[in-house]
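K.L.:
structure for this input, please:
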Amino acid sequence: MMKTTKIVVQKLRLHLVYNCDSGITPTDAQKIADERVYFMQILLRLQVKNKTIPEFEIYLEEFLSMFEEPLKWEFLDRPLRSYTNQFKNYKSAIDALFNELRGTFGVHHTLVSKCFLRHVVMTKNFGSLAVMAFASKLRSALIKLTYLSAACATVQFKDARNETWFEDQIVEDVTLIATHVSQYLNNSLVRRLIHY
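P.N.:
Now for the predicted structure:
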């Protein structure tokens, strides 16, 4: 169990610290806002029976990751089957659109951002309450993980010195994660507000 908690902490450190820089810049925020409007225009062209538009931010990052260059409005004029086919709901329409973009026009899907925090900020549409709810859940998970790691160290190590060394490593990693996540989210939200 102790090895598992260490691996979890290492994975969190990778995806929440090392793969994330200092946050979304004002230029990034403007580009995301522009691309969001563009993506909404594309969604409105889809023929969907259930007209309830989903929280499409969950699809936005994947959509943007398909293109290396910024999108141009002429893209809306491309003859896509997805624009003329009938769909039951937006989920099936978006799936068909993405599949068509990957196949017909040679658009390749790249991995969604390696930085999970960027993904959180984008899918929450820079909503401070939603982003802070994520931060609160992460904080609770980190506290539980720290407690579990300490309990594992107590059981695993007979020597108090090794136990303390392991606990100190976990606390150091968790502190790094918590501090970086807080700074990243705050910087991203503040930069977004300053830009507008």
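
K.L.:
tell me the domain boundaries of this protein?
P.N.:
2-21+126-195, 26-103 (automatic domain parsing).

K.L.:
for His119, which of these is the nearest?
P.N.:
His119 sits nearest to domain 26-103 of all the domains of the chain, at 5.8 Å, using C-beta to C-beta. The C-beta positions use only the backbone N, C-alpha and C, and glycine is treated the same way.

K.L.:
tell me which of the domains of the chain sits nearest to Val120.
P.N.:
Here domain 2-21+126-195 is closest among the domains of the chain (C-beta to C-beta), at 5.3 Å.

K.L.:
for the protein, which residue occupies the most central location?
P.N.:
His119 (1.6 Å; C-alpha atoms, centre = their mean).

K.L.:
secondary structure element holding that one?
P.N.:
helix 116-123 (DSSP states H and E).

K.L.:
what comes up buried for the lowest-mean-pLDDT helix or strand in the chain?
P.N.:
Within the chain, confidence by mean pLDDT, DSSP states H and E is lowest for helix 57-65 among all helices and strands, at a mean of 75. Using 16 or more other C-beta atoms under 10 Å as the test for burial, helix 57-65 gives 57, 59-64.

K.L.:
what's the longest helix seen in the chain packed up against?
P.N.:
Ranked by residue count and defined by DSSP state H, the top helix of the chain is helix 160-195. Here helix 160-195 touches helix 2-13, helix 26-45, helix 116-123, helix 128-156, going by 3 or more C-beta pairs under 8 Å, 6 or more residues apart in numbering; DSSP states H and E.

K.L.:
now do that helix: distance to the chain's middle.
P.N.:
17 Å (C-alpha atoms, centre = their mean, to the nearest Å).

K.L.:
pLDDT on it, on average?
P.N.:
Across helix 160-195, the average pLDDT comes to 84.

K.L.:
show me the contacts for Arg45.
P.N.:
By C-beta atoms under 8 Å, 6 or more residues apart in numbering, the residues touching Arg45 are 76, 83.
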